[in-house]
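Enquirer: below are the sequence and a predicted model for it; my questions follow.
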Amino acid sequence: MKKAVESILRQTFTDFELIIFDDGSVNDVKKVISAYAKKDSRIVFLREEEHHGLAYGLNRMVKEAKGQYLARMDADDISAPDRLEKEFKFLEAHPEYGFVGGNLLLMDDDDRVYGNRKYPEKPEEKDFLKFQPYAHPTMMFRKSILEMDNPYGSAEKPRRGEDYELLMNLTAAGIRGYNLQENLLYYRETIASYKRRRLTDQMAEVTIRWNGFKKMGLNPWHEIGYVIKPIAVWMVPDKIAFNIRNSSKG
């Protein structure tokens with residue numbers, strides 16, 4: 001977490017507020033973030049005593065944010081020093097795009113880089129079939145496109161895949177995104193990440209894919225293999241799934 005926070009505080013772009021949401025942690029997270037907030041007035045610390053889930057936290061941070069643009073990342077990742085500057089300049093120069101992201105450098109629990117993941121420069125509807133064609137932790141959005149109620153879904157029905165669903169909804173609405181062909185973030189991914197997969201989450205993604213494909217004008221029956229892909233992935237041993245994911249592009 002400390003490395004994630006410090007990677008934002010050390011950005012070449014400095015005019016921002018850093019909203020940190022603590023979703024009912026039971027360790028020393030509160031103490032650590034409070035200490036950072038006392039040292040840097042750009043930090044806005046939000047905390048819930050009870051755990052509510054990722055969608056709740058994302059929705060709350062969107063609502064609390066005061067800026068024109070919203071950038072996203074997780075507590076165990078590290079942003080490149082010029083990430084925010086590059087994304088801000090891109091959106092300022094390209095009003096035709098509603099959001100921007102970039103590529104990832106993959107790292108293990110010891111911060112060793114072992115690979116990278118590239119995403120299509122100008123994703124189209126068909127690019128959502130195989131994988132999500134954006135790296136959500138790298139992204140910066142125009143706040144104006146997220147001003148609907150609960151853009152990340154209902155907090156009453158927490159589930160994984162809220163980012164995939166949001167991006168398909170935005171694409172279906174004609175809002176386009178772009179991926180800078182640069183590594184903007186060090187993303188922590190290990191075999192342990194795959195051990196957290198639950199069948200209920202994979203089933204929820206099947207529903208997200210079915211509905212999202214329909215909204216974007218893709219026939220889910222014609223793409224049924226991609227619709228049920230999360231179930232097939234769940235059945236594959238963790239190590240094999242990890243190797244397949246990291247040997248593919250995007």
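Expert: The structure has been received and is ready for your questions.

Enquirer: tell me where this protein has helices.
Expert: 2-9, 29-39, 54-64, 83-93, 162-172, 191-195, 199-215, 224-227, 229-235, 238-245 (DSSP state H).

Enquirer: can I get the ones you listed in JSON lines including mean neighbour count?
Expert: Quick note: C-beta positions are derived from backbone N, CA and C, even for glycine. Putting those into JSON lines (neighbours: other CB atoms under 10 Å) gives the following:
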{"stretch": "helix 2-9", "mean neighbour count": "16"}
{"stretch": "helix 29-39", "mean neighbour count": "14"}
{"stretch": "helix 54-64", "mean neighbour count": "19"}
{"stretch": "helix 83-93", "mean neighbour count": "17"}
{"stretch": "helix 162-172", "mean neighbour count": "21"}
{"stretch": "helix 191-195", "mean neighbour count": "14"}
{"stretch": "helix 199-215", "mean neighbour count": "17"}
{"stretch": "helix 224-227", "mean neighbour count": "16"}
{"stretch": "helix 229-235", "mean neighbour count": "15"}
{"stretch": "helix 238-245", "mean neighbour count": "14"}
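
Enquirer: out of those, nearest to residue 17?
Expert: helix 54-64 (9.1 Å; CB to CB).

Enquirer: would you mind giving the helices of the chain as TSV with distance to residue 179 and mean pLDDT added?
Expert: Putting those into TSV (distance: least, CB to CB, whole Å; pLDDT from 0 to 100) gives the following:
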stretch	distance to residue 179	mean pLDDT
helix 2-9	20	96
helix 29-39	30	93
helix 54-64	20	92
helix 83-93	10	98
helix 162-172	12	95
helix 191-195	22	69
helix 199-215	19	93
helix 224-227	20	96
helix 229-235	21	88
helix 238-245	18	68
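
Enquirer: pipe those helices into JSON lines and attach distance to residue 106 per row.
Expert: Below are those laid out as JSON lines (distance: least, CB to CB, whole Å):
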{"stretch": "helix 2-9", "distance to residue 106": "15"}
{"stretch": "helix 29-39", "distance to residue 106": "25"}
{"stretch": "helix 54-64", "distance to residue 106": "21"}
{"stretch": "helix 83-93", "distance to residue 106": "16"}
{"stretch": "helix 162-172", "distance to residue 106": "18"}
{"stretch": "helix 191-195", "distance to residue 106": "11"}
{"stretch": "helix 199-215", "distance to residue 106": "21"}
{"stretch": "helix 224-227", "distance to residue 106": "24"}
{"stretch": "helix 229-235", "distance to residue 106": "18"}
{"stretch": "helix 238-245", "distance to residue 106": "10"}
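
Enquirer: who's in contact with residue 172?
Expert: Going by CB atoms under 8 Å, 6 or more residues apart in numbering, residue 172 touches 212, 215, 216, 217.

Enquirer: so how far is residue 163 from it?
Expert: Note on residue 172: its distance to residue 163, by CB to CB, to the nearest Å, is 15 Å.

Enquirer: out of the helices of the chain, the one nearest residue 111 is which?
Expert: Short answer: helix 2-9, nearest of these by CB to CB, at 7.7 Å.

Enquirer: can you check what angle separates that closest one from helix 83-93?
Expert: Orientation of helix 2-9 against helix 83-93 (axes from the mean of the first three to the mean of the last three CA atoms, to 10 degrees) gives an angle of 40 degrees.

Enquirer: name the helices or strands packed onto helix 2-9?
Expert: Counting contacts by 3 or more CB pairs under 8 Å, 6 or more residues apart in numbering; DSSP states H and E, helix 2-9 is packed against strand 18-23, helix 29-39, strand 78-79.
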